[in-house]
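Undergrad: Fold the following for me, if possible:
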Amino acid sequence: MAAMVLFGGLFAGFNTQAAEVMPVGEDPYKMIQRVAESTFKRIVDDQALIDEDANYLKTVVREELMPYIKYKLVAKIVLGKTPVSRAEKEAYYKAFNEYLITTYATVFTKYTDQKVVFEAPGNIKGKKVVTVKTRIIDGSRPDIHIDFKVRLNIRTGTWRAYDMVVEGISMVNATKAEFRDLLRKKGGGANFTQQLIEKSKAQIKKDNGGSRQDGE
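TA: Residues are numbered from 1 along each chain as shown. Take a look at the predicted model:
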């Protein structure tokens, strides 16, 4: 589970501030490494605040990770063909973003300064989708392999992560499976949004056994 700390780097909107710090044409390997290292450093530097209130991890995720990832693409994939109005869709996107922040903040309570090894950059010429492979080294435990799925935005020339596969499990597919039955029901889109809103309100907790959310 320690390797799951990287989940926070996958799903968010690309805002103006992020565009300023991400060089146009930066290859996906450098992007993933830069964002991950910046996030881990923030967690280490702000550990006292996190120890005082684990909910501070939501701030870390929101500020360090979310500006770099295209969350709407993931939200669309998860929603699939479920019918929603334009107004409902905007509410859904907002709820999905907050849900991811809470989910990944919870996962980040697992982070205790493990070593992250990044795959050597490969040839990206002519490619629109690239998989960036990493390994989490956690002492005596087996290494955990994480693959980041990154897509090129042809218009802006920037790469944005949209999925992560941890030990063969796709985050996008796992989320789709979790909510599949709800989305199939009548009014599933609105009900899904409301459920995401409720889940995003969960308080982050930290204990000796790792992380959990209130109500678990």
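
Undergrad: what does stretch 31-38 contact?
TA: 6, 9, 22, 26, 64-65, 68, 116, 118, 132, 134, 148, 150, 159, 161 (Cβ atoms under 8 Å, 6 or more residues apart in numbering). Quick note: C-beta positions are derived from backbone N, CA and C, even for glycine.

Undergrad: Spell out the residue ranges of the strands in this structure.
TA: Per DSSP state E, the chain has strands spanning 115-118, 129-137, 144-153, 158-166, 169-170, 204-207, 210-213. These are given in chain order.

Undergrad: okay, those strands, which one's buried deepest?
TA: Each of the strands of the chain was assessed for mean neighbour count using mean count of other Cβ atoms under 10 Å. The highest is strand 158-166, with a mean of 22.

Undergrad: Which elements pack onto it?
TA: Counting contacts by 3 or more Cβ pairs under 8 Å, 6 or more residues apart in numbering; DSSP states H and E, strand 158-166 packs against helix 28-45, helix 71-79, strand 144-153, helix 171-184.

Undergrad: again, only this time at 7 Å
TA: Using 3 or more Cβ pairs under 7 Å, 6 or more residues apart in numbering; DSSP states H and E as the contact criterion, the elements in contact with strand 158-166 are helix 28-45, strand 144-153, helix 171-184.

Undergrad: Please state the offset of that strand from the chain centre?
TA: Once both centres are worked out by Cα atoms, centre = their mean, to the nearest Å, strand 158-166 turns out to sit 8 Å from its chain's centre.

Undergrad: begin at 33 from here
TA: Renumbered: residue one is now 33, and that last one reads strand 190-198.

Undergrad: Averaged pLDDT, that strand. What do you get?
TA: Throughout strand 190-198, pLDDT has a mean value of 86.

Undergrad: mind saving the C-alpha coords of it as CSV?
TA: Output of strand 190-198 as CSV, limited to C-alpha atoms (Å, rounded to 0.1, in the frame of the first residue of the first chain):
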residue,chain,number,x,y,z
THR,A,190,2.2,19.6,-22.8
TRP,A,191,1.8,16.1,-21.4
ARG,A,192,-0.9,15.3,-18.8
ALA,A,193,-1.3,12.1,-16.8
TYR,A,194,-4.7,10.5,-16.9
ASP,A,195,-4.3,7.0,-15.4
MET,A,196,-2.0,5.0,-13.2
VAL,A,197,-1.6,1.3,-13.0
VAL,A,198,-0.3,-0.1,-9.7
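
Undergrad: That one versus strand 176-185: what angle between them?
TA: For strand 190-198 and strand 176-185, the angle between their directions (axes from the mean of the first three to the mean of the last three Cα atoms, to 10 degrees) works out to 150 degrees.
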